Each structure stands twice: as structure tokens, then as C-alpha cells.
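> here are the coordinates; sequence isn't available:
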């Protein structure tokens, strides 16, 4: 007599195709939201709570096609992420278009804290009142949404009158088209001016994007650090891996110079860059995580940082990067990394 049960070939009822039952040693299927969905930090005074790693869309529509872009976005959400950043100038707007299509097809707009940067699109450059309104309207159309949660103003395109820019942002906020204001490329004195203007009722800048990582600390200089700290502005640093260098992928000087700007790293690669990578290797081996996760963890250990903006070329990269959220570097490990980066 054959005994049917778990792990054996159970007889199927008449008319029902036979399917092999799951082996008792098979992993239990995971259902429900990812573990990371419970990990949220305040995005300054913006009113939003986000996963401590913000997914950037700089590669979408450029080095990453729409299929792989969707896979990257899907993986990020499955791992608990909820904040997506792009810009109207990324791939001429194609990045926003891909993200908009993805949000619409997955019906996840209300679950996403959506951020975009404006100021450098060739059709409406700068932050003058007319072009700022046109840029926001165009981004809303490409993103297939009725509001932008965090609008980053890119002053590197030429800010013009900051008072006019913030007054226009106030109108956009009152219209419900934007919810919070961020900045990119702002100097310390511009942030001070913006805070003075906010006393007249225009929106406050609550988030700042600065290229900042272990190999590039000069952009976030002492004055800028002091002003952001005094104003309670949080940092969402871009280029957290220095164009992939801190992921440990490009170890030779020749490959590194192809992946990052020579002026920024060429002179220090043989010494400082090598020291930093060795420190990341050592700490990563101790913790059992990749170098990229250690680099992200180092940023999150900086008090002013809320969520680095990370760009990915593949879904596997997202899995590596989000591991940094769960890493808590010890004082000894932070000191070791700090010595290497000097």
C-alpha cells in the first residue's frame, strides 16, 4: 500500500492534473511586504518618511533600457524601498518617462516618495519663474502624476533671482503640484538667503543634494556643513560610490580613470584611493557585506545624511546597496575608514 502525504506523490482527484507537491525541505514562500518596508527615516522637515537609500534614475533611458529599469525599480520596492529620485535632464527626460510608466503599470504612486530635479532641461533651462513652471508641468506629464513630493532646484543651471524662484515654488506648492523643496548645487550663502526669504512665507528648503562620499568630501565643505546643520537641512548625497569606484569594481588606475573624472581622483588614486578600498575590503570582510554596502553605511553614519541617492545598472546592484542600511559600523571601523580617506 502506498501512503500519500507531504513529500510524496499524492493522488489527484479525477479530472485535476497532477502536480508534484513541494518537498518538505523547500524554503517557505515569503509573502507580504519586504522586511525593509518597516525601516523609515524622516526626510528632514519635508513631512516624508523614507527608506534610508533613495533609488536614483540617472541611468534609466541611457545605460539601462526600460526592461532592466523596471527590474531595478521592482527589486528596490520588494526590498522595502519607497523613495525614487530623478531629474528632467536625465536622458533628456526619458528617465522620468520610464519611472512614470513603471509607477502607472504597478499602481504604486501613492506608495512612493517621488523626487525630481529641474533646471537643466534644454527646453526650459534655469530657475526663472516661467521656465520653472514649464519644467514642473513637463515633469508631471512624463511622470504621469499630479504632484512631485520633493522638487530639487538645480542652481548650477543659473538660479537668477532666488526670491523669484522661491516665490514661484510657493505658487506651485499652493497649487498642489509640489509638496516639499530641495536644492542641488546651492552654496552656503544661498541657503542662508533662502532661509531669510522663508521668513516672508516662501517655502523652506528642507533637503540638500551634494555629491559626497569617502573620496569626495570637499563639496560638502565646512561652511555648507555648518549651515545645513544649523538650519536642520538633511543631506541626500548623490554619487555615494564615486561612479562605482567605491564598489571596488575598478581596481586598476586605468579602469578607474575611465569610470570617474580624472581631475578628481587621478592624483590620489595610487595612495588614497587604494587605502580607502583596502579599508572597505577589511570592514566588508568582517561584516560579510560588499564594499558598496560599507560605503553606504559610512554615509548613513554621518549625522546629517538621511538617504544617499544610489544609481544602479542591474537589480543585483540594488541588493548589494541596500545591505548598507542594516550595517552599523563600530567606532573602530569608522576610525579605520577615516584614516584611510585622509
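Alright, I've got the coordinates. Quantities reported herein were computed from a predicted structural model and do not represent experimental measurements. Numbers count the residues shown, from 1 in each chain.

> ok, residue 100 - contacts?
By C-beta atoms under 8 Å, 6 or more residues apart in numbering, residue 100 lies in contact with 142, 143, 144, 145. C-beta: built from backbone N, CA, C; applies to glycine.

> Farthest pair within those?
Across these, no pair lies farther apart than 142 and 145, at 9.3 Å, counting by C-beta to C-beta.

> Could you point out the helix or strand that follows the worst-scoring helix or strand of the chain on mean pLDDT?
When each helix and strand of the chain is scored by mean pLDDT, DSSP states H and E, helix 262-265 comes last, with a mean of 46. Proceeding N to C from helix 262-265, the next assigned helix or strand is helix 274-287, under DSSP states H and E.

> Any buried residues in that next one, and which?
For helix 274-287, burial by neighbour count (16 or more other C-beta atoms under 10 Å) applies to 275, 276, 277, 279, 280, 283, 284, 287.

> before we move on, what about stretch 302-314?
Buried-residue list, stretch 302-314, by 16+ other C-beta under 10 Å: 304, 305, 306, 307, 308, 309, 310, 311, 312.

> Just the closest of those to residue 73, please.
Among the buried residues of stretch 302-314, and counting by C-beta to C-beta, the member closest to residue 73 is residue 312, at 9.5 Å.

> Tell me who's in contact with that closest one.
Residue 312 sits next to 55, 56, 59, 72, 318, 321 when contact means C-beta under 8 Å, 6+ apart.

> 7 Å instead?
With contacts defined as C-beta atoms under 7 Å, 6 or more residues apart in numbering, the neighbours of residue 312 are 72, 318, 321.

> among these, which are in helices?
Cross-referencing those against helices under DSSP state H gives 72, 318, 321.

> right, and the first one touches residue 318 too?
Yes: the pair residue 72 and residue 318 qualifies as a contact (C-beta atoms under 7 Å) at a distance of 5.8 Å.

> Distance check, the nearest residue to residue 195 once chain neighbours are set aside against residue 153.
Leaving aside its sequence neighbours, residue 195 sits nearest to residue 231 (C-beta to C-beta, 6 or more residues apart in numbering; 5.6 Å). From residue 231 across to residue 153, the span is 15 Å (C-beta to C-beta, to the nearest Å).

> Tell me which of those two has more neighbours.
Taking other C-beta atoms under 10 Å, residue 231 and residue 153 do not tie; residue 153 has more neighbours (27 against 19).

> Test for you: state the pLDDT assigned to the more buried one.
If you check residue 153, the pLDDT there is 97.

> Helix, strand, or coil at it?
Three-state call for residue 153 (DSSP: H, G, I helix; E, B strand; the rest coil): strand.

> Verify the stated contact: it with residue 119.
Yes: using C-beta under 7 Å, residue 153 is in contact with residue 119, at 6.3 Å.

> who touches both of these two?
With C-beta under 7 Å, 6+ apart as the test, residue 153 and residue 119 both reach residue 127.

> now, which of the buried residues of helix 274-287 sits nearest residue 223?
Taking C-beta to C-beta as the measure, residue 223 sits nearest to residue 276 out of these, at 24.8 Å.

> With adjacent residues omitted, what lies nearest to residue 217?
residue 341 (7.5 Å).

> Could you report the neighbour count for that neighbour?
Using other C-beta under 10 Å: residue 341 sits among 18 other residues.

> going forward can the numbers begin at 517, since that is how I track them
OK, 517 is where the count begins now, so the last one is residue 857.
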